[in-house]
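K.L.:
the following comprises the amino acid sequence and a computationally predicted model.
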Amino acid sequence: MRLTARDIARLVDGELSGNPDELVTGVAGIKEARTGDATFVAHPRYVSAVKTTRASVILVARDTAIKTDRTLVRVENPSLAFVKVVNAALLDANIPTGRVEPSLCGRQLLICLKKRDQ
């Protein structure tokens, strides 16, 4: 998977703030994310995790107040947008997507994608 923040914003019909050329090579939960990963904040209780995440791109709700130097993509529904990014990653890795639920988008999927890239 190799997408830029600009690509992700187009994919999810989001508003980009930050570096449009930020490269994304994986997906992960906000606490597990590493540099190069895309993640999302779907609930206000995770907003504070934005301060410590190492994710390169974060999908957030349009009305979420966040101050960060990370690249953000503001969308109507961060969970649904993240599923779209995960599906794009699965297609890129030639893994049949079927129906991917937001609850499946985390560390196990990231490990699967990274193993496919090796």
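P.N.:
That came in fine, so what should we check first?
K.L.:
make it CA atoms for all contacts and neighbour counts henceforth
P.N.:
OK.
K.L.:
longest helix of the protein?
P.N.:
In the chain, assigned by DSSP state H, the helix with the most residues is helix 78-92.
K.L.:
in contact with Leu11, which residues?
P.N.:
By C-alpha atoms under 8 Å, 6 or more residues apart in numbering, the contact list for Leu11 reads Lys84, Val85.
K.L.:
and it, how close does it get to Leu3?
P.N.:
To Leu3, Leu11 is 10 Å away according to C-alpha to C-alpha, to the nearest Å.
K.L.:
in three-state terms, how would Asp13 be classified?
P.N.:
Three-state assignment for Asp13 (DSSP: H, G, I helix; E, B strand; the rest coil): coil.
K.L.:
that one contacts Pro78, doesn't it?
P.N.:
No. Asp13 lies out of contact with Pro78 (C-alpha atoms under 8 Å); the separation is 11.1 Å.
K.L.:
which one of these two has more residues nearby?
P.N.:
Pro78 (24 against 14; other C-alpha atoms under 10 Å).
K.L.:
so where's this structure shaky on pLDDT?
P.N.:
Along the chain, the parts satisfying pLDDT under 70 run over 92-118.
K.L.:
which parts of it are helices?
P.N.:
Counting by DSSP H, the helices of the chain are 5-11, 78-92, 107-117.
K.L.:
pretty sure Ala81 contacts Asn87?
P.N.:
No. Using C-alpha under 8 Å, Ala81 is not in contact with Asn87, being 9.9 Å away.
K.L.:
which one's more surrounded, these two?
P.N.:
Using other C-alpha under 10 Å as the criterion, Ala81 and Asn87 rank with Ala81 on top: 26 against 20.
K.L.:
how many neighbours does the nearest residue to Ser17 once chain neighbours are set aside have?
P.N.:
With sequence-adjacent residues excluded and distances taken as C-alpha to C-alpha, 6 or more residues apart in numbering, Ser17 is closest to Leu72, at 5.3 Å. Leu72 has 27 neighbours, counted by other C-alpha under 10 Å.
K.L.:
so how far is Leu91 from Leu72?
P.N.:
Look at Leu72 and Leu91: by C-alpha to C-alpha, they are 23 Å apart.
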